[in-house]
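Trainee: got a sequence here, can you model it:
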Amino acid sequence: MNKKNCIFNITIKLRKDYIFRTYTLASISVFVTLIFTCYNIYLGIAFNTSWNISIAVYYIFLLSIKLIVLLNQKKLSKLNLSYNLKNKKTAKFYLNQSIMLFIIDLMLMAPIILLIMQKKDVHYTKIAAIATATYTISKIFMATKNTLTAKKIENLSIKMLRQINLKDALVSILTLQYILIVTFDEGITKEMQILSIISSFAIWTILIVISICNLKNAIKMKKSV
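Mentor: This next block holds a predicted model:
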């Protein structure tokens, strides 16, 4: 009976408490992203593509920041701090996380160069393309929805988690683009290479702009508390 009550209470809390629901879903998404990361490592090994390995490394760093956000929030919740001191620590965490996010976005240049310079024919299975498309579409939908919702929330950890999920979704578009080109087209032809350059740098620019804006806001918040 107690077990049923516990499940019922958790269900109610998930429905009504946005912050609790966000942290719970973020914990689940860590495992989902980890699976996608391992999947890219598998593709890299199975098809001998440095692109998949390099993008998996990016996802590992992205996962690390997400774990840091969750662990910092858990640590903060256990400390008996005053409102002002808690705000100072939260702002400091947010700034550190913003700096790390900016650095790994700069590191994304390496996978993008590998994508553009890829010359060898790669023949992924259609299952690989469908799996990547499914992951990408679901990520884009959830990231867009949650990013819009997060604008109304003042919790900095929530905002950071939403930023990470948005970046995850944008980078998954690069992965999908690459797999679709080499699976359903004639590989990286000259025309496809030009398209890859334009779209890849467009997405990378968006990621960098988001990081810079995020970093500026984090610095401003750190100075104001």
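Trainee: how about the secondary structure of the spatially most central residue of the chain?
Mentor: The centre of the chain sits closest to Asp168, judged by CA atoms, centre = their mean, with a distance of 2.7 Å. What DSSP: H, G, I helix; E, B strand; the rest coil gives for Asp168 is helix.
Trainee: which one is Leu81 nearest to, not counting chain neighbours?
Mentor: Spatially, and ignoring its direct neighbours in sequence, Leu81 is nearest to Lys89 (7.0 Å; CB to CB, 6 or more residues apart in numbering). All C-beta spots, glycine's among them, are computed from the backbone N, C-alpha and C.
Trainee: number of residues surrounding the one you found?
Mentor: 16 (other CB atoms under 10 Å).
Trainee: check which helix or strand covers it.
Mentor: Using DSSP states H and E, the element containing Lys89 is helix 83-107.
Trainee: next, the buried residues of that helix.
Mentor: Within helix 83-107, the residues that qualify as buried by neighbour count (16 or more other CB atoms under 10 Å) are 89-91, 93-95, 97-98, 100-102, 104-105.
Trainee: how about TSV for those residues, with distance to Val57 and pLDDT added?
Mentor: As requested, the buried residues of helix 83-107 are arranged in TSV below (distance: CB to CB, whole Å; pLDDT from 0 to 100):
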residue	distance to Val57	pLDDT
Lys89	30	88
Thr90	29	89
Ala91	29	90
Phe93	24	90
Tyr94	25	92
Leu95	24	93
Gln97	19	92
Ser98	21	93
Met100	15	93
Leu101	15	92
Phe102	17	94
Ile104	9	92
Asp105	13	92
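Trainee: want to throw those into TSV with distance to Ile181?
Mentor: Formatted as TSV, those follow (distance: CB to CB, whole Å):
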residue	distance to Ile181
Lys89	46
Thr90	43
Ala91	43
Phe93	39
Tyr94	37
Leu95	38
Gln97	33
Ser98	33
Met100	31
Leu101	28
Phe102	29
Ile104	25
Asp105	23
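Trainee: wait, which of the residues you listed is closest to Ala56?
Mentor: Ile104 (13.0 Å; CB to CB).
Trainee: right, and the closest one touches Tyr58 too?
Mentor: Yes. Assessed by CB atoms under 8 Å, Ile104 is found in contact with Tyr58 at 6.6 Å.
Trainee: quick one, helices of the chain?
Mentor: With DSSP state H as the criterion, the chain has helices at 2-16, 18-46, 50-78, 83-107, 109-117, 126-150, 156-184, 190-224.
Trainee: who are the packing partners of the longest one?
Mentor: With contacts defined as 3 or more CB pairs under 8 Å, 6 or more residues apart in numbering; DSSP states H and E, the packing partners of helix 190-224 are helix 83-107, helix 109-117, helix 156-184.
Trainee: and the longest one with helix 190-224, angle?
Mentor: Pointing back at helix 156-184 there. Using axes from the mean of the first three to the mean of the last three CA atoms, to 10 degrees, the inter-axis angle of helix 156-184 relative to helix 190-224 is 170 degrees.
Trainee: now the second one
Mentor: Put simply, helix 109-117 runs at 170 degrees to helix 190-224, going by the same axes, to 10 degrees.
Trainee: quick one: helix 109-117 to chain centroid distance?
Mentor: 19 Å (CA atoms, centre = their mean, to the nearest Å).
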